[in-house]
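Visitor: Predicted model and sequence below, questions to follow.
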Amino acid sequence: MIASASVVEKLIPNLAQFAGNDLVVTSPRDGAVLATLRLDTAAEVDAKIAASVVAFRAWRDIPAPRRGELIRQLGDKLRAHKEDLAQLVTLECGKILEEGRGEVQEMIDICDFAVGLSRQLYGLTIQSERPNHVMQENWLPLGPVGIISAFNFPVAVWSWNSALALVCGDSCLWKPSEKTPLTALAVQNMLDEVCKDFPEAPANLSQVILGTYEQGNQMVEDARVPLISATGSSRMGRIVGPKVAARFGRTLLELGGNNAMIITPSADLAIAIPSILFGSVGTAGQRCTSTRRVLVHRSLFDQVFETLKKAYAQIGESKIGDPLSASTLVGPLIDKLAFDAMQAKLAEVRGEALEVFGGQRVQEDRGADAYYVHPALVKLPHQVEAVKEETFAPLTYVIPYDSLEEALEIHNDVPQGLSSAVMTTDVRDAEFFKRYSDCGIANVNIGTSGAEIGGAFGGEKETGGGRESGSDSWRAYMRRQTSTTYFGHERPALAQGITFDV
Ligand code: NAD
């Protein structure tokens, strides 16, 4: 299958409307220029936020199941364009086509989930201590939701947020990564098409803001946006979180990870090794849930490292390359910055490592601006400080431990707390791990990456504490109201038996 810039024209026929000289969008596949865009000015961002408030006021009054119908139609639109959108995802962010398809499937899945949810935004009835009183907990639409997304899941993260926010009665503003604005424009076009034939959908229900951190920051500082859902680095979250808190807004932060898999003595290595491989080298190590650390019981330490080395060698140059080719397993890094960060980290840990395997640039003529690397394995005698920072590249540390208690100590001794996994056939080890892993995700006998939409997704500590997608994550997009109604005929009693007779 040959994808080309034609998929850009197909999915964004109105691209000329966004043309300008502020932002050059290139493909990590070969460095080719895909588009040059104009970014929103401060006045335009302001106008979009104002329009989002107007849209919210209309949309919140549409019954939730009808709002769900809009998302059902969006899901159908995504199904119809799945292959094209997957190609655009691959072109723009460099993940292999199979994973591009997976990303669009995730959008479809969350639409299905949100449609069901649109009839299940349940509140509570609460027993009152007073006669003839009824207490309720109601969930009401919140307002415009500001979505800031990262380059590595350029469209799925938007859908996790907006499919739920829209059924909850909110309007949406989306500031995509400056590295992946085209996929955002393509998805916005699909939603616009659905809204065009949906009489209750107000104008500007969901809008894209084209920009860098500056336009993102404008949204972050604007009190008309009650919720900022920001996905990206912990560095970004450290800036965004306090700014939104300072204006008493809400944040939903989905930030960096430093995910580990623990290999216990009872692990089934036939299951563990492929899981490490997908977690470490899949998406060229550019998932927030990528496996960064493999903690191996000392009895298996050398064996696991040697087996991994063999598997990495098998990936070889033939499986590193064009992300559009069906035989490729490892696509490019997003850009030179990512390549330099990986090389810098390798240089930093080399002195402390027992062995370093891979990590070098693939010498292939794909243009000076494309960065393909051999995934790197670093064998360490123990966890070192350099490991505690997330390096967003296929760089995995293999570290020994002697007891499961020690493994959990090492595991939790990083600032991030997103995803974790244990490989074991011992139920006691599995339960011990689940109890003491400090991460938002704790898997048994599957890897750290590749979450389903049905569960709440997110992590603790510097990962930001947010939860998106499944379970009861929808509550983040609504405001909670406690309501007490008196239906008696006498003067109502006061709570706590207080008398106040005048
Ligand atoms: P990034 O932090 O560089 O950028 C993410 C987004 O934040 C972009 O849209 C960017 O323009 C915006 N931004 C940056 N600084 C900002 C500021 N001060 N104010 C407002 N907006 C700002 O991240 P990236 O390189 O695009 O993505 C990789 C990072 O994202 C990794 O750390 C990865 O772990 C993380 N990530 C986390 C999750 C998750 O769900 N936890 C998912 C995907 C990616």
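Guide: Thanks, I have the structure now.

Visitor: what's the residue nearest to the spatial centre of the chain sitting at in phi/psi?
Guide: Among the residues of the chain, the one closest to the centroid is Val157, at 4.8 Å (Cα atoms, centre = their mean). Main-chain torsions, Val157, degrees, to the nearest 10: phi -60, psi -40.

Visitor: ditto for Thr485
Guide: When read as degrees, to the nearest 10, the backbone of Thr485 gives phi -120, psi 130.

Visitor: What distance do you get for Val414 to Leu494?
Guide: According to Cβ to Cβ, to the nearest Å, Val414 and Leu494 sit 52 Å apart. The way it works is simple: take the backbone N, C-alpha and C, and place the C-beta from them, glycine included.

Visitor: Which of the two has more residues huddled nearby?
Guide: Neighbour comparison, Val414 and Leu494: the larger count goes to Val414, with 22 against 10 (by other Cβ atoms under 10 Å).

Visitor: Pretty sure Gly146 sits in a strand.
Guide: Yes. The assignment for Gly146 is a strand, going by DSSP: H, G, I helix; E, B strand; the rest coil.

Visitor: For the residue in the stretch 51-200 of the chain positioned nearest to the ligand, the count of nearby residues, please.
Guide: Distance from the ligand to each residue of the stretch 51-200 of the chain (Cβ to the nearest ligand atom) is smallest for Ala150, at 3.2 Å. Neighbours of Ala150 under the rule other Cβ under 10 Å: 24.

Visitor: wait, what's in contact with the residue nearest to it when sequence neighbours are not counted?
Guide: Closest residue in space to Ala150, ignoring its immediate chain neighbours: Gly232 at 4.4 Å, by Cβ to Cβ, 6 or more residues apart in numbering. Residues in contact with Gly232 (Cβ atoms under 8 Å, 6 or more residues apart in numbering) are Ile148, Ser149, Ala150, Ser177, Glu254, Leu255.

Visitor: Show me which pair in those residues is furthest apart.
Guide: Ser177 and Leu255 (14.1 Å; Cβ to Cβ).

Visitor: which of those two has more neighbours?
Guide: Shown here are Ser177 and Leu255; by other Cβ under 10 Å, Leu255 has more neighbours (29 against 23).

Visitor: That one and Ala223, how far apart?
Guide: Taking Cβ to Cβ, one finds Leu255 at 23 Å from Ala223.

Visitor: what's the closest non-adjacent residue to Leu377?
Guide: Distance criterion Cβ to Cβ, 6+ apart; nearest residue to Leu377, sequence neighbours excluded, is Phe357 at 4.4 Å.

Visitor: Quick check, the one you found in contact with Ala376.
Guide: Yes. Counting by Cβ atoms under 8 Å, Phe357 touches Ala376, with 6.8 Å between them.

Visitor: ok, those two, which is more surrounded?
Guide: When neighbours are counted by other Cβ under 10 Å, Phe357 and Ala376 differ, and Ala376 comes out ahead with 25 against 19.

Visitor: Quick check: closest non-adjacent residue to that one.
Guide: Residue nearest to Ala376 in three dimensions, not counting chain neighbours: Gly359, with 3.4 Å by Cβ to Cβ, 6+ apart.

Visitor: and that neighbour, what does it touch?
Guide: Applying Cβ under 8 Å, 6+ apart, the residues contacting Gly359 are Met342, Gln343, Leu346, Val373, His374, Pro375, Ala376, Leu395.

Visitor: Could you give the number of residues near the last one?
Guide: Using other Cβ under 10 Å, Leu395 is surrounded by 27 other residues.

Visitor: what's the lengthiest helix in the chain packed up against?
Guide: For the chain, the helix that runs over the most residues, judged by DSSP state H, is helix 97-117. Here helix 97-117 touches helix 64-80, helix 82-93, helix 156-167, going by 3 or more Cβ pairs under 8 Å, 6 or more residues apart in numbering; DSSP states H and E.

Visitor: hmm, that helix touching the ligand?
Guide: No. Helix 97-117 does not reach the ligand (Cβ under 6 Å from any ligand atom); its nearest approach is 11.2 Å.

Visitor: Next SSE downstream of that helix?
Guide: strand 124-126 (DSSP states H and E).

Visitor: List the buried residues for the next helix or strand after that next one?
Guide: Remark: after strand 124-126, the chain's next helix or strand is strand 133-141, criterion DSSP H and E. Neighbour-count burial for strand 133-141 flags His133, Trp139, Pro141 (criterion: 16 or more other Cβ atoms under 10 Å).

Visitor: ok, now stretch 198-218?
Guide: For stretch 198-218, a neighbour-count test (16+ other Cβ under 10 Å) marks 198, 201-202, 204-211, 215-218 as buried.

Visitor: Of those residues, which is the nearest to the ligand?
Guide: Gly216 (2.7 Å).

Visitor: which residues touch that closest one?
Guide: Ile148, Lys175, Ile209, Ala230, Val240.

Visitor: Which of those fall in helices?
Guide: Val240.

Visitor: Below-threshold pLDDT in this structure: ranges please.
Guide: The chain contains residues with pLDDT under 70 at 1-5, 364-365.

Visitor: Let me see the ranges of the helices in it.
Guide: Secondary structure of the chain (DSSP H): helices at 6-11, 42-59, 64-80, 82-93, 97-117, 156-167, 181-196, 213-220, 234-246, 269-281, 301-315, 336-350, 404-412, 427-436.
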